[in-house]
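Novice: Got a predicted structure here, sequence first:
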Amino acid sequence: MIPIPNGWSTMTSIDKKLHHNLRRVFRSGVGADSLALYEPAIVRNLEVYFSQLTAAKDSEGWSASGNMRKWNLYLGFDTMAEFGLGLKTNLLRSQARDYVFPALHVHEKKMGLWEQLPILDNIGVGTLISRFLPLVSNEAKSFTDWYQTFVSEAISTNSSESRGIFGPVIQSGLGKLEKPGHNFAQMIGEGAFSTFSFADAYGMMLSGFLHYLAHYPHVYDALAAELRAKFKPGESINWGPELESSVYLRAVIDKVMRLLPPACGVHWRECERHGTTIGEGTQPLPVGSDVGMSLFSLFRDGRVFRDPVRFWPERWIPGTLPETEFSLARSMFNPFLIGPRNCAGGHVAIMIASIAYTYVLVNYDFRLGPEKADSAAHLWSNALGETGTEEELRFESHYSILGWESGPFVQFKERGFLAKGLMVG
Ligand code: HEM
């Protein structure tokens, strides 16, 4: 997961001092003031997304159905490029997406595989692929050129003043900050990880939201009623008390993250203390051993989460489950992990998801389109036979990073479309 030699990022660094410095710089970009400054990029990109998705409509106002796996990735990328770096990548409109996303997809699979089998990278397979592919594939060459332009624009745009939440990382990499932080290689590593991985996570959270709400109408209705009582179509939606206090909205976000945790792989930690045991009646781990488990498996464990694959946001509303069951589920549900190596941008993810889910439901109705997602048949669910599995989003792991090939296919209709049509008639 280290794209160039010495390109450690906050996420990948092992050395504690280095990690502390990188994390400090990273965190300086995601404080409340900075988030408020760059937040408008989230809605701006949602507007472009819907202008593209609803460009063609039928007589009732329903758009053609869009393949959300693709559209949500375009949205995720454009949003993170602008929110993170002040760049307009415009992949929601540009054909460059035809070579950008296939290349990122290969890169992501590679990263997932390397994470579990670092030996493949250590013996140089990764370098070989990166050097060889652009020689034989025009698409890979176009991607390399595109990526180089992206990096140089990210640097020049943020070199003296931040234009997005990752601005301090760039300034640190250029040696402009007083306290120690990233060197140039680490700046590249951090920038790549932050932009690409959250573009994907945002896309998944939106796909999961559309998929599950389209399959569970009572959740759709309850959340729509809550949010439509707070905002009217066209009104500006900002991160603030109205969204933060919406208990049902947060329950839906948590539910999507439980069933589709964007960071679903094994999060390795090294045992540092003698006598550490994991689970009752086990032998202490030798110091130096690596320990980890997959959040995906944990979040679908029926011993912790009743009806593990059912989309059931009410589970998170206090009072629905007996207190001990609720507390156990709550304590085990940590999609951002805990401790000094937990996610440094969890609050950013909640903010973006809250704004996006609200924007969609306040301004649009949506339903599943007629197409079906194509996917490898053997990858379906780890809980076959459970009630609710038939409505699951097909899951395909890229070894440790969540993803799938296509779908859900969704149609949108602007709220108030008929009223406008009637006025015209
Ligand atoms: C729903 C979205 C997200 C989820 C579920 C998520 C989850 C996680 C998890 C589980 C880790 C720990 C990984 C490990 O140690 O193996 C992590 C690390 C990290 N995440 Fe996130 N993340 C999300 C979004 C974001 C966003 C939006 C940002 C930045 C704005 C971000 C920045 C980071 C960073 C910098 C780390 C490394 C932290 C460290 O090791 O000190 N994440 N994330």
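Specialist: Received it, and whenever you're ready, just let me know what you need.

Novice: CA atoms only for stretch 298-310, dumped as PDB, please.
Specialist: Extracted in PDB, the C-alpha atoms of stretch 298-310 (Å, rounded to 0.1, in the frame of the first residue of the first chain):
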ATOM      1  CA  LEU A 298     -17.600  -9.100  12.700                       C
ATOM      2  CA  PHE A 299     -20.500  -7.000  11.500                       C
ATOM      3  CA  ARG A 300     -22.400 -10.000  10.200                       C
ATOM      4  CA  ASP A 301     -21.900 -12.100  13.300                       C
ATOM      5  CA  GLY A 302     -25.300 -13.300  14.500                       C
ATOM      6  CA  ARG A 303     -24.000 -13.700  18.000                       C
ATOM      7  CA  VAL A 304     -23.600  -9.900  18.200                       C
ATOM      8  CA  PHE A 305     -26.100  -8.600  15.700                       C
ATOM      9  CA  ARG A 306     -29.600 -10.100  15.800                       C
ATOM     10  CA  ASP A 307     -30.800 -10.900  12.200                       C
ATOM     11  CA  PRO A 308     -27.300 -10.000  10.900                       C
ATOM     12  CA  VAL A 309     -28.100  -9.400   7.300                       C
ATOM     13  CA  ARG A 310     -31.400  -7.600   7.700                       C
END
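
Novice: Contacts only, for residue 207.
Specialist: 68, 69, 72, 260, 393, 407, 408 (Cβ atoms under 8 Å, 6 or more residues apart in numbering). Quick note: C-beta positions are derived from backbone N, CA and C, even for glycine.

Novice: cutoff 10 Å now
Specialist: 67-73, 76, 256, 260, 393, 403-404, 407-408, 410 (Cβ atoms under 10 Å, 6 or more residues apart in numbering).

Novice: any low-confidence regions in the stretch 151-300 of the chain?
Specialist: Applying pLDDT under 70 to the stretch 151-300 of the chain picks out no residues at all.

Novice: circling back: which members of the contacts of residue 207 occur in helices, if any?
Specialist: 68, 69, 70, 71, 72, 73, 76, 256 (DSSP state H).

Novice: Give me the spatial nearest neighbour of residue 369, chain neighbours excluded.
Specialist: residue 65 (2.3 Å; Cβ to Cβ, 6 or more residues apart in numbering).

Novice: How many residues are close by the nearest residue to residue 180 once chain neighbours are set aside?
Specialist: Counting by Cβ to Cβ, 6+ apart, residue 21 is the residue found nearest to residue 180 once chain neighbours are left out, at 5.0 Å. Neighbourhood size, residue 21 [other Cβ atoms under 10 Å]: 20.

Novice: just checking, residue 21 touches residue 190?
Specialist: No. At 11.5 Å, residue 21 does not count as touching residue 190 under the criterion of Cβ atoms under 10 Å.

Novice: Residue numbers of the stretch 51-200 of the chain in contact with the ligand?
Specialist: 194, 198 (Cβ under 6 Å from any ligand atom).

Novice: And for the stretch 251-400 of the chain?
Specialist: So the stretch 251-400 of the chain meets the ligand at 257, 261-263, 267, 335-337, 341, 343-345, 348-349 (Cβ under 6 Å from any ligand atom).

Novice: Out of those, which sit inside strands?
Specialist: Taking DSSP state E, every one of those sits outside strands.

Novice: Please name the nearest non-neighbouring residue to the residue of the stretch 301-425 of the chain found nearest the ligand.
Specialist: The nearest approach of the stretch 301-425 of the chain to the ligand comes at residue 345, 2.2 Å away (Cβ to the nearest ligand atom). Closest residue to residue 345 apart from its sequence neighbours, by Cβ to Cβ, 6+ apart: residue 30 at 5.8 Å.

Novice: a helix runs through the one you found, doesn't it?
Specialist: No. Counting by DSSP: H, G, I helix; E, B strand; the rest coil, residue 30 falls outside a helix, being coil.

Novice: what sits against it?
Specialist: Applying Cβ under 10 Å, 6+ apart, the residues near residue 30 are 38, 84, 165, 166, 168, 194, 344, 345, 346, 347, 348, 351.

Novice: What are the phi and psi values at it?
Specialist: phi -120, psi 30 (degrees, to the nearest 10).

Novice: So residue 166 sits against residue 155, correct?
Specialist: No. In this structure residue 166 lies outside contact range of residue 155 using Cβ under 10 Å: 11.0 Å.

Novice: which one of the two has more residues nearby?
Specialist: residue 166 (28 against 18).

Novice: Leaving out chain neighbours, which residue sits closest to that one?
Specialist: The shortest distance from residue 166 to any non-neighbouring residue, by Cβ to Cβ, 6+ apart, is to residue 84 (4.3 Å).

Novice: Which element is encountered next along the chain beyond the helix or strand harbouring the one you found?
Specialist: In the assignment (DSSP states H and E), residue 84 maps to helix 68-85. Downstream of helix 68-85, the next assigned helix or strand under DSSP H and E is helix 97-116.
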